[in-house]
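[1] 3D, please:
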Amino acid sequence: MPSHSEVLTRLFTALQQHDHQTMANCYDEDATFTDIAFEINGRKRIHAMWHTICEGDIRTSFDIVEVDDRTAKVKVVDDYTFRSSGRKVHNVVESRFWLRNGSIVAQQDTCDARDWAGMALGGVNGFLAGRLAFLRRAKARKTLDAFIGKHSEYKRN
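    Here you go, the predicted structure:
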């Protein structure tokens, strides 16, 4: 069984390489993922989310800050173009993990939603999205559901 540091290194190295399948393999079947846009349950939907992200131009760096037998904290910096606006984003994220038996069972990412929305959307849309989580979550859910609708491997059995 890989150490938790090895699992996290594999996850973020795969993100750097745009390898969504390897990323998905780091998660438990019933894992959860939350951030300022997503609330996802289950490896299939988490995989679909990473698949969409890996189709873009994301570049990432990471530093494993803390890790023990159940939890970890990773500082992540992502640079990418937000597809719906074409705007450049430089996002600093604190990623918290809960791990068991060499798999991620929960991931919770936090960043400054106002800064992110200003970079990703700008203007009035960025102002609103930075302050109203339900707007970010509704848009993210709609985008992920549309992606899953086009990719049968992510549909629920």
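[2] what are the buried residues along the helix or strand where residue 134 lies?
    Taking DSSP states H and E as the criterion, residue 134 maps to helix 133-150. Within helix 133-150, the residues that count as buried by 16 or more other C-beta atoms under 10 Å are 135, 136, 137, 140, 143, 144, 148. C-betas here are computed from N, CA, C, even on glycine.
[3] just stretch 76-92 next, same as before
    Those buried within stretch 76-92 under the rule 16+ other C-beta under 10 Å are 76, 78, 80, 82, 89, 91.
[4] show me how far it is from its chain's centre.
    12 Å (C-alpha atoms, centre = their mean, to the nearest Å).
[5] likewise for stretch 29-44?
    Relative to its parent chain, stretch 29-44 has a centroid offset of 9 Å by C-alpha atoms, centre = their mean.
[6] got the CA coordinates for it in PDB?
    C-alpha atoms of stretch 29-44 as PDB (Å, rounded to 0.1, in the frame of the first residue of the first chain):
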ATOM      1  CA  GLU A  29     -15.000   4.600  -4.600                       C
ATOM      2  CA  ASP A  30     -17.100   6.700  -2.200                       C
ATOM      3  CA  ALA A  31     -14.800   9.700  -2.000                       C
ATOM      4  CA  THR A  32     -16.000  13.300  -1.700                       C
ATOM      5  CA  PHE A  33     -14.600  16.400  -3.100                       C
ATOM      6  CA  THR A  34     -15.500  20.000  -2.300                       C
ATOM      7  CA  ASP A  35     -14.200  23.400  -3.300                       C
ATOM      8  CA  ILE A  36     -15.600  26.800  -4.000                       C
ATOM      9  CA  ALA A  37     -17.500  25.500  -7.000                       C
ATOM     10  CA  PHE A  38     -18.000  21.700  -6.600                       C
ATOM     11  CA  GLU A  39     -19.600  19.400  -4.100                       C
ATOM     12  CA  ILE A  40     -19.100  15.900  -5.600                       C
ATOM     13  CA  ASN A  41     -19.800  12.500  -4.200                       C
ATOM     14  CA  GLY A  42     -18.200   9.400  -5.700                       C
ATOM     15  CA  ARG A  43     -15.100   8.600  -7.700                       C
ATOM     16  CA  LYS A  44     -16.900   8.600 -11.100                       C
END
